[in-house]
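Colleague: next comes the sequence, and after it the predicted model I'd like to discuss.
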Amino acid sequence: MASLTDPIRKQNIVDRFEDYVTANANSGIVWGTNDLPFDEMPASNFAGSTGGRSIGISGGNIAGSQIDASNIRSVLEAETATYTNIRNLRAILFVDGGGGNRGSRGSPGVAFDETEKAHLSTGYRESIGSVNNAGVSSGQTVSENNLESYFSNLRSAYQSRRDDTATIQINVCHSSCHSSCHSSRGRR
């Protein structure tokens with residue numbers, strides 16, 4: 001865990017932000033490219049693994065020779081938005097045909113319906129909206145307390161998007177060996 005230093009450096013700001021937002025976004029991911037909700041779910045619905053997303057900025061992204069509040073805010077708010085595709089996913093597998101069903105998916109209907117945190121594809125990103133700047137604003141002297149409050153506000157902005165649930169429903173005609181059945185039709 002990073003702590004803000006005196007004097008504050010650009011990379012130090014990014015490292016502390018990472019403790020607030022990146023760590024929060026990457027905790028508790030259940031589904032990703034390495035762990036799909038069910039076999040029929042396309043991996044293309046996911047942008048990364050259950051390990052989460054690495055931070056995409058460094059101190060060098062904060063422009064200017066002096067640390068400026070508007071540059072801090074534009075960089076950190078844009079970075080926060082890049083985590084919004086790590087959020088709740090309601091994954092539904094619906095069997096719409098009666099033939100070939102066995103085991104736990106023996107009859108037509110909903111075979112799987114669960115909601116967990118997922119590392120979804122970037123198409124699921126959302127705006128974080130307006131974030132309370134906590135005194136990190138042009139013309140103001142930025143203090144450690146202001147930055148810590150601002151980071152907390154960024155984490156809350158992400159958290160509100162994380163709790164938005166995306167729903168992906170996959171329909172299959174039957175559930176036994178679905179992908180191998182359909183992919184082998186050309187060989188019959």
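Modeller: Arrived safely, thanks for sending.

Colleague: residue ranges for the helices of this protein, please.
Modeller: 10-17, 23-26, 69-81, 144-162, 178-183 (DSSP state H).

Colleague: now stretch 155-166: buried residues?
Modeller: Buried residues in stretch 155-166, counted by 16 or more other Cβ atoms under 10 Å: 155, 157-158, 161-162, 166. The C-beta positions use only the backbone N, C-alpha and C, and glycine is treated the same way.

Colleague: low-confidence ranges, this protein, go.
Modeller: 98-106, 174-188 (pLDDT under 70).

Colleague: strands along that one, start to end?
Modeller: 86-95, 109-119, 165-172 (DSSP state E).

Colleague: outside of the shortest one, which residues touch it?
Modeller: Under the contact criterion Cβ atoms under 8 Å, 6 or more residues apart in numbering, strand 165-172 has outside partners 38, 40-42, 45, 87-97, 115, 118, 120, 124, 178.

Colleague: which PyMOL command selects the buried ones in those?
Modeller: The buried residues among the contacts of strand 165-172 can be selected in PyMOL (16+ other Cβ under 10 Å) with this line:
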select buried, resi 38+40+41+45+87+88+89+91+92+93+94+95+118+120+124+178
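
Colleague: among the strands of the chain, which is nearest Val14?
Modeller: strand 86-95 (18.6 Å; Cβ to Cβ).

Colleague: please name the residues that touch Asp19.
Modeller: Neighbours of Asp19 in contact, by Cβ under 8 Å, 6+ apart: 1-2, 151.

Colleague: just put the strands of the chain in CSV and tack on distance to Gly52.
Modeller: CSV is the format used below for the strands of the chain (distance: least, Cβ to Cβ, whole Å):
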stretch, distance to Gly52
strand 86-95, 7
strand 109-119, 6
strand 165-172, 17
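
Colleague: ok, which of the helices of the chain comes nearest Asn132?
Modeller: Nearest of the helices of the chain (Cβ to Cβ): helix 144-162, 4.8 Å.

Colleague: please verify my assumption that Pro37 contacts Phe112.
Modeller: Yes - taking contacts as Cβ atoms under 8 Å, Pro37 lies within contact range of Phe112: 6.7 Å.

Colleague: between these two, which is the more surrounded one?
Modeller: Pro37 (23 against 18; other Cβ atoms under 10 Å).

Colleague: neighbours of Asn71, how many?
Modeller: 16.
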